[in-house]
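# Below is the sequence, then the predicted model.
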Amino acid sequence: MSFGIFLAVTGVVAILVAVMTYLAFRARYSRIKATEDEPLTDVVSRLISVLATAGMVVDDSLAVLRATNSAIALGLVSGRVIRSSEIRALVRTTQETETTNSVEFELTLSEGGDVRYLRARAVTIGAGIVLVLVEDNTEARDFESIRRDFIANVTHEIKTPIGAIALLSEAMEGALDDPTRMHKFADSLRRETGRLSTLITEIIQLSRVETSNILAKAKPANVGVVVREALERIFVIADAKDIVVNAKYPDDVFVMGDGELLTVAVKNLVENAIQYSDRKQSVGIGVTTRNGHVDIIVTDQGVGIPADEQSRVFERFYRVDESRDRTTGGTGLGLSLVKHIALSHRGEVTLFSQPGVGSTFTMRLPRLVETSKENTHE
Ligand code: ADP
């Protein structure tokens, strides 16, 4: 071997050794780095996997190391990519400032469809590694707007009779020597105070149904007793309109629940049937049982409800025709209460109606088959 060739071979071997040494060093270094980082990201990954909120762990190149199923389901993450520009910007800021940061943003789930209101918070948990937690505040926001609407409606509804009472008392002062007008004003005063009292009672009942767990305190309730009590409560208004209420119900059918609330629901249905019927028309109430449930059916031959209004009549304060209802003194809460009472008893209420022909409301409840008659609502 010539000296030149010897030198060339030695040079190549030296370069190979240097490259291998470098690779070995790099591999060892990266292993150390991995084992140092791993415990932290692993703990965090395990932690976020049990969180109900959406979450992800992101590295310094914005690649997603771990993501919860809800983050994927919301479309915030796909593979190792963060799909939300707001979260990408949040992670970058957090990496640069090494502080905790947050951002609120709207996420459209489907085109022209569901919008979610999200709040993301990010914190650095390792070298360039950021943990992002995302809360879905949509329900809280919806609840808040329902609450605001409800309070606005209640205020408006209460103001109307109170305003009327104030005007009537003034009018009475000016009519002290006219008994006919005094009678008329006293009558109106009674109607307005009655309206106010019904409104307050229904608001209290609604809040009771919505906030308490009815089934937790449920007792066997005899449907026959519920119907009978409801009929006793509407007897006077039926009589005033010359309306006969034909009732047919068994006396041995039970449901689990709150007998008083069920009575209120049935009373509201029969009361509406009377209110929205002409004089001398007839109203029917029947009870049938089938496939483990009980149907309480209230039928009238009244004004009926147009098809496009039928799903809305169960909303709070909704009235088909404002002017029509001012004269009946309705609050617009009756059917909403019926719906909530049915739902809180694991039941439902359905409506079949034709304008000019009449309406049929059916409250369906799970039937209680075996019952001891102790604690029965009788
Ligand atoms: P209200 O106190 O005004 O009767 P409800 O919540 O009980 O309020 O009913 C909502 C609206 O549905 C009523 O204002 C009325 O327009 C309509 N409605 C309810 N029941 C009947 C019925 N049996 N026949 C016709 N319309 C009805």
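That came through, no problem. Residues are numbered from 1 along each chain as shown.

# After the helix or strand in which Glu260 is found, which helix or strand is next?
Using DSSP states H and E, Glu260 falls within helix 259-275. Using DSSP H and E, the helix or strand that follows helix 259-275 in sequence is strand 282-290.

# what inclination does the following helix or strand past that following strand have with respect to helix 259-275?
Sequence-wise, the next helix or strand downstream of strand 282-290 (DSSP H and E) is strand 293-300. Taking axes from the mean of the first three to the mean of the last three C-alpha atoms, to 10 degrees, one finds strand 293-300 and helix 259-275 inclined to each other by 30 degrees.

# Which helix or strand contains the closest residue to Asn137 other than its chain neighbours?
Nearest residue to Asn137 in three dimensions, chain neighbours excluded: Tyr117, at 4.8 Å (C-beta to C-beta, 6 or more residues apart in numbering). In short, each C-beta sits where N, CA and C put it, glycine included. Per DSSP H and E, Tyr117 falls inside strand 115-126.

# how does this protein divide into domains?
Following automatic domain parsing, one finds the domains of the chain at 1-37, 40-136, 138-211, 215-378.

# hey, least reliable of these by pLDDT?
When these are ranked by mean pLDDT, domain 1-37 comes last with a mean of 48.

# what residues does this structure put near the ligand?
268, 272-273, 276, 300, 302-305, 313, 318-321, 325, 330-336, 359 (C-beta under 6 Å from any ligand atom).

# Narrow those residues to just the buried residues.
Using 16 or more other C-beta atoms under 10 Å as the burial test, the residues of the chain next to the ligand include 268, 272-273, 276, 300, 302-305, 313, 318-320, 325, 330-336, 359 as buried.

# quick one: the residue in the stretch 1-150 of the chain that the ligand sits nearest to from Ser336, how far?
Ranked by C-beta to the nearest ligand atom, the top residue of the stretch 1-150 of the chain for proximity to the ligand is Phe150, at 14.2 Å. Between Phe150 and Ser336 the distance, using C-beta to C-beta, to the nearest Å, works out to 10 Å.

# can you check Ser311 too?
12 Å.

# now the strands for the stretch 151-300 of the chain?
219-222, 244-248, 254-257, 282-290, 293-300 (DSSP state E, counting those that start in this stretch).

# Just to be sure, Phe361 is in a strand?
Yes: assigned with DSSP: H, G, I helix; E, B strand; the rest coil, Phe361 falls within a strand.

# Contacts only, for the closest residue to Ser102 other than its chain neighbours.
Nearest residue to Ser102, sequence neighbours excluded (C-beta to C-beta, 6+ apart): Arg121, at 4.3 Å. Counting by C-beta atoms under 8 Å, 6 or more residues apart in numbering, Arg121 touches Thr100, Asn101, Ser102, Val132, Leu133, Val134, Glu135.
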